[in-house]
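> here is the input, now give the coordinates:
(one chain, ligands or ions: 1)
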Amino acid sequence: MKHKLPDLSYSYDALDSFVDEKTMKIHHTKHHQGYVDKLNKTLQGTNFEDRSLEDLLKGLNELPDKVKTSVRNNGGGHSNHILFFGGLTSDGKNKPEGPLLEAIEESFGSFEEFKNKFEEVAKSHFASGWAWLVKSGNDLEVYSTRGHDSPITDGYQPLLNLDIWEHAYYLKYQNKRGDYVENFWKVVDWKEIEERFEA
Ligand SMILES: [Fe+2]
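Okay, here's the model as predicted:
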């Protein structure tokens, strides 16, 4: 299986209320593409060439050291960016509905409390990483991972994620990560996140 960079379902300038066109373009065609290329290079000629990305991340700790570090960084980078770019839209609704909303209210008290917790995690995470809403058994949890570590390796099902590497926001926001985090809600594709939850 040769891993590939998925196309985006929107143009690079469509999410201007969140991030600018230049950042989106570099993020997708240079950063994300780079993880895909490095992952393919690592796997080429190994026994893991045909293993799915999800299975590679699930079984990360059983991989030989040489493959493991690259799958952790580049496989995680690939998977996390598929989820991130695939969870954004320029014309979404401003909150989830149905079973996902009920689960959020059950786990966090209310949608507003969930948002506050997610923002707090994203704003306070030290260095590069990701903020997540994940499914853990019957519960939902908010947490962050370092580098490109994936919740799939931790046994969780990822639902929603926010890239908190500087490459995701620095051109538009510089050191103001808080503004970037707050603007994220303008472009979340809740329909897509509902589908991930119900899958
Ligand atoms: Fe990124």
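> most proximal residue of the chain with respect to the ion?
Asp163 (4.2 Å; C-beta to the ion). In short, each C-beta sits where N, CA and C put it, glycine included.
> that residue touches Asn80, doesn't it?
Yes - counting by C-beta atoms under 8 Å, Asp163 touches Asn80, with 7.3 Å between them.
> so Pro158 touches Val134, yeah?
Yes - at 5.4 Å, Pro158 and Val134 qualify as touching, with contact defined as C-beta under 8 Å.
> between those two, what contacts are shared?
Common neighbours of Pro158 and Val134, counting by C-beta atoms under 8 Å, 6 or more residues apart in numbering, are Pro151.
> let me see the ranges of the strands in the protein.
129-136, 139-146, 157-163 (DSSP state E).
> looking at the ones you listed, which is nearest to Thr23?
Proximity to Thr23, assessed across these by C-beta to C-beta, is greatest for strand 157-163 (10.5 Å).
> residues contacting Leu43?
Applying C-beta under 8 Å, 6+ apart, the residues near Leu43 are His3, Glu49, Arg51, Val67, Val71.
> let me know the pLDDT of it.
At Leu43 the predicted local confidence, pLDDT, stands at 97.
> next one: stretch 128-140 to chain centre, how far?
10 Å (C-alpha atoms, centre = their mean, to the nearest Å).
> outside of it, which residues touch it?
Residues contacting stretch 128-140 (C-beta under 8 Å, 6+ apart): 80, 84, 103-104, 106-108, 114, 118, 121-122, 125, 141-149, 151, 155-166, 181, 193, 197.
> about what we covered before: in space, what's closest to the residue of the chain closest to the ion - neighbours in sequence excluded?
Counting by C-beta to C-beta, 6 or more residues apart in numbering, Asp163 lies nearest to Phe84, which is 5.3 Å off, once chain neighbours are set aside.
> distance of that neighbour relative to Thr29?
15 Å (C-beta to C-beta, to the nearest Å).
> using a markdown table, lay out the strands of the chain together with distance to Lys186.
Converted to a markdown table, the strands of the chain look like this (distance: least, C-beta to C-beta, whole Å):
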| stretch | distance to Lys186 |
| --- | --- |
| strand 129-136 | 16 |
| strand 139-146 | 19 |
| strand 157-163 | 12 |
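> alright, calling it a day.
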